[in-house]
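Undergrad: curious how this folds, go ahead:
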Amino acid sequence: MNNTDLKDFLESKVLQYNTIDFIEPDPISIPHRYFLIEDIEIAGFLASSIAWGNRKMITKNGHRMMDLLGNSPYDFVMTHNDYQLERLDGFVHRTFNADDFKYFIKALKHIYTNKGGLESIFIQNQTETSLQPAIHALNEIFFEIPHLARTRKHVADPDKGSVAKRINMCLRWFVRNDNTGVDLGIWKSISPSKLSCPLDVHSGNVARKLGLLNRKQNDNKALLELDNSLRLLDPNDPVKYDFALFGLGIFEGF
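TA: Residues are numbered from 1 along each chain as shown. Presented below is the predicted three-dimensional model:
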C-alpha cells in the first residue's frame, strides 16, 4: 500500500475500534468510573501499571484495585495509614503484588504532596516533540522515597531502552480527546502530537506487516521509528492509530 492507501485503511480501522464499545472490556474502564481529575489520574495510572497479560484479567484486577481503595483512590492515597494499607494484602496481578501496590500508594502520595501531581511532572519535563523524557523523570521521582528493589521493574524508564508501553497507554488516556468518549482527555496542557504509541508484541507485529516499522526488536529505538511513521500519517494525533493496530492484532489476527 502507498501512504494514501495505508492512511485510509488505518483511518477506517480507527473508526471501527475507537468507539464507546471499546471501554467496558478494557482497562480504560477503570478511570472511566470517576469524575474528579485526581481520581481519574490515580485510577488510570494504577490500572495501566498492571496492563500486561490477559485483557479480561487486567480489567478485573484493575477494578479490584479500586474496590480495595474504597472506590476513592485519591482520598486513599492522600489520607491512608499503615493499618489501611493492610487491606491491600493478598492483591496480586502476575508479578505485581501487595508490596508493590503499597509502594505505589506511598509514591503517589509523595508525588501529589511534593511534586504537584502526575500532570505537573509531564508538563515540566516534556520536550517540543516527546513525552519520553518526562517518563524518565517520572521514574526518578517515583523512586525518590525508600523502596523495594523489586518494585522498580513496574515503572518503565525509556533511558534504559524500555518502550514504556503501559505508561504510554496511560498518557493516551489522559491526553487524547477526540470526542468519541473513549480516551479521557483530562490533560489540556499537553499536545496529543507528542504522544507515543503503546508498543507491544501485537501492535509491533501489525506495524511491521504494514511497513510502519522495520526494527525487529521492540525497544525505544523501535518506538521512535513507529512514532515517526505514524506522525507522517497524522502529525496532530498520531496515537489514534493505536486503536487500529490493537484491533487488527487482537481481534483480526492480522
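Undergrad: ok, residues contacting stretch 244-253?
TA: Contacts to stretch 244-253, defined as Cβ atoms under 8 Å, 6 or more residues apart in numbering, come from residues 10-11, 13-14, 16-17, 55, 197, 202-203, 205-207, 254. The way it works is simple: take the backbone N, C-alpha and C, and place the C-beta from them, glycine included.
Undergrad: pick out the most distant pair among those residues.
TA: When Cβ to Cβ is used, the two most widely separated members of the contacts of stretch 244-253 are E11 and R55, lying 24.0 Å apart.
Undergrad: got a PyMOL select line for the buried ones in the contacts of stretch 244-253?
TA: Here is the PyMOL command that picks out the buried ones among the contacts of stretch 244-253, judged by 16 or more other Cβ atoms under 10 Å:
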select buried, resi 10+13+14+17+197+202+203+205+206+207
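Undergrad: tabulate the contacts of stretch 244-253 (CSV), appending distance to F35 and pLDDT.
TA: As requested, the contacts of stretch 244-253 are arranged in CSV below (distance: Cβ to Cβ, whole Å; pLDDT from 0 to 100):
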residue, distance to F35, pLDDT
L10, 32, 98
E11, 31, 98
K13, 31, 98
V14, 27, 98
Q16, 29, 97
Y17, 25, 97
R55, 25, 95
C197, 28, 97
H202, 32, 93
S203, 30, 96
N205, 37, 97
V206, 34, 97
A207, 35, 98
F254, 36, 86
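Undergrad: and of the contacts of stretch 244-253, the nearest to I121?
TA: I121 lies nearest to C197 out of the contacts of stretch 244-253, by Cβ to Cβ, at 20.9 Å.
Undergrad: just confirm that closest one contacts N168, I think it does.
TA: Yes: when contacts are counted by Cβ atoms under 8 Å, C197 is listed as touching N168 (6.8 Å).
Undergrad: what do the two both touch?
TA: Counting by Cβ under 8 Å, 6+ apart, the shared contacts of C197 and N168 are 223, 239.
Undergrad: from the contacts of stretch 244-253, which ones fall inside helices?
TA: Among these, the members found in helices (DSSP state H) are 10-11, 13-14, 16-17, 55, 202-203, 205-207.
Undergrad: which residues touch N18?
TA: Applying Cβ under 8 Å, 6+ apart, one finds that N18 lies in contact with 178, 180, 182, 240, 243.
Undergrad: now do 6 Å
TA: N18 makes contacts with 180, 182, 243, as judged by Cβ atoms under 6 Å, 6 or more residues apart in numbering.
Undergrad: can you get me a residue count around the last one?
TA: In this case it means F243. The number of residues packed near F243 is 23, by other Cβ atoms under 10 Å.
Undergrad: then the second one?
TA: By the other Cβ under 10 Å criterion, the neighbourhood of V182 contains 23 residues.
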